[in-house]
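Novice: turn this into a structure:
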Amino acid sequence: MPRYIGVMSGTSLDGLDIALIEQADQTTLLATHYLPMPADLRRELLALCTSGSDELARAAIAEQRWVGLAAEGISTLLQQQRLKPQDIRAIGSHGQTVRHEPARGFTIQIGNPALLAELSGISVVADFRSRDVAAGGQGAPLVPAFHEALFGGSDSVRAVLNVGGFSNLSLLQPGHSVRGFDCGPGNVLMDAWIHRQRGESYDRDGAWAASGRVNAQLLTALLKTPFFHTQGPKSTGRELFNLPWLENLLANMPPLAPEDVQATLLELTVSSIADALLATQQNTEKLLVCGGGAHNKALMTRLAGRLPGCEVSSTAEHGIPPDWVEAMAFAWLAHCCLEGIPANRPSVTGARGLRVLGAIYPA
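Specialist: Model prediction:
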């Protein structure tokens, strides 16, 4: 049975997730490896999310470093599993998103797949989002089709929630096509705020947020953002939700304790998810949570409180560790590309039809 490797670094930019899968009738997770993102590379990738001087050259240099890190992690994973490059059919590489503006007809993920194929000795499938955007779609989220393959087939009405830098929902209802969309900020604002205030990269267990109080005025101002009042298909990114955007809102309000801002940002994430789920699939029986947000105890508790009658649990309770679902998804997307299987879902992205996603870079 063919083996694939998925490489994912999301909008949180904390590191690279590398997953080894075996693909038959079902997807089986065989092994994983994680590489923290070097602080200087993280700063540069973040800077590339907005316009700056000499950004084309800087992006080219940054993606070479990103690829070097990915190749190092893949090599380590292969050594740990006593595998050779020829034992892997392909790498599915998401690359690193630096711009996502489907309304303007583009999405940009840097990650030099040609170099990754050269360094790893393994064929690479990359650039998964562009074909969907070319067909009039959002290019995101792409994981609902994989969520359907992994967690569908049940008699229960389910939703899969990924909480990374941003959050997205996949709606799985028996007898219906999968639906999905981005909900809004996941961890991105909470991570940025705690880093600004305390120098920490994230709020472990949501403990700092739990120490504060939700400010109703700030929450109302945040939720007035038009994105929250539009129906899917929709996707978003740092272009809309970022620290300067938050600080601009705070500048027009009475001073707030930093922990109260953090509590309110957590409530924003919870509210945007719960409101979206209740508006689109009221009868959801089970919500399966993956991504870093699955480890945020305060967030999980608030989600359960906002969704009475819905069982909220980590995907770990359904056999898949929450940290590896997205990396697995891009390994699966590589498989779909090589087999000529359409992997977008027009009901999710708004594309004009099903499309085979990805570009192939042979070893």
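
Novice: helix, strand or coil: sort out the residue of the chain positioned farthest from its centre for me.
Specialist: Within the chain, Pro254 marks the point farthest from the mean C-alpha position, 33.6 Å out by Cα atoms, centre = their mean. Following DSSP: H, G, I helix; E, B strand; the rest coil, the label given to Pro254 is coil.

Novice: quick one, grab the pLDDT at it.
Specialist: Looking at Pro254, its pLDDT is 94.

Novice: state the distance from it to Ser53.
Specialist: Distance of Pro254 to Ser53, given as Cβ to Cβ, to the nearest Å: 37 Å. For glycine as for every other residue, the C-beta is placed from the backbone atoms N, C-alpha and C.

Novice: which residues in the stretch 251-363 of the chain form strands?
Specialist: Ranges of strands in the stretch 251-363 of the chain, per DSSP state E, counting those that start in this stretch, are 286-290, 311-314, 359-361.

Novice: in CSV, list the ones you listed along with mean neighbour count, mean pLDDT and distance to Gly212.
Specialist: Putting the strands of the stretch 251-363 of the chain into CSV (neighbours: other Cβ atoms under 10 Å; pLDDT from 0 to 100; distance: least, Cβ to Cβ, whole Å) gives the following:
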stretch, mean neighbour count, mean pLDDT, distance to Gly212
strand 286-290, 24, 97, 22
strand 311-314, 17, 97, 22
strand 359-361, 16, 98, 45
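
Novice: got JSON lines for those, with distance to Gln109 too?
Specialist: Listed next are these as JSON lines, based on distance: least, Cβ to Cβ, whole Å:
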{"stretch": "strand 286-290", "distance to Gln109": "20"}
{"stretch": "strand 311-314", "distance to Gln109": "27"}
{"stretch": "strand 359-361", "distance to Gln109": "11"}
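
Novice: quickly list the domain ranges of the protein.
Specialist: Split into domains by the TED database, the chain comes to 3-140+323-361, 142-318.

Novice: you'd agree Pro352 is up against Gly136?
Specialist: In this structure residue 352 is Arg, not Pro. Yes. Counting by Cβ atoms under 8 Å, Arg352 sits close enough to Gly136 to count as a contact (5.0 Å).

Novice: ok, these two, which is more surrounded?
Specialist: A count of neighbours by other Cβ atoms under 10 Å puts Gly136 above the other of Arg352 and Gly136, at 15 against 12.

Novice: the more buried one touches Ala351, doesn't it?
Specialist: Yes. At 5.6 Å, Gly136 counts as touching Ala351 under the criterion of Cβ under 8 Å.

Novice: and Arg89, backbone torsions?
Specialist: phi -70, psi -40 (degrees, to the nearest 10).

Novice: what about it, neighbour count?
Specialist: By other Cβ under 10 Å, 18 other residues sit near Arg89.

Novice: surely it touches Leu20?
Specialist: No. Contact between Arg89 and Leu20 fails when scored by Cβ under 8 Å: they sit 11.3 Å apart.

Novice: endpoints of stretch 48-63, how far apart?
Specialist: Terminal residues of stretch 48-63 are spaced 11 Å apart (Cα to Cα, to the nearest Å).

Novice: nope, stretch 239-247 is what I was after
Specialist: Per Cα to Cα, stretch 239-247 runs 15 Å from first to last residue.

Novice: now it: mean pLDDT?
Specialist: Confidence over stretch 239-247 (mean pLDDT, whole number) is 94.

Novice: what lies in contact with it?
Specialist: 49, 99-101, 166, 184-185, 188-189, 192-193, 196, 225, 227, 261, 265 (Cβ atoms under 8 Å, 6 or more residues apart in numbering).

Novice: and these, which are buried?
Specialist: 49, 99-100, 166, 184-185, 188-189, 192-193, 225, 227, 261, 265 (16 or more other Cβ atoms under 10 Å).

Novice: circling back: of all the strands of the stretch 251-363 of the chain, which one is nearest Tyr202?
Specialist: Judged by Cβ to Cβ, the one of these that comes nearest to Tyr202 is strand 286-290, at 16.2 Å.

Novice: tell me the strands beside that closest one, with direction?
Specialist: In the sheet, strand 286-290 lines up against strand 158-163 (parallel), strand 311-314 (parallel) (DSSP bridges).
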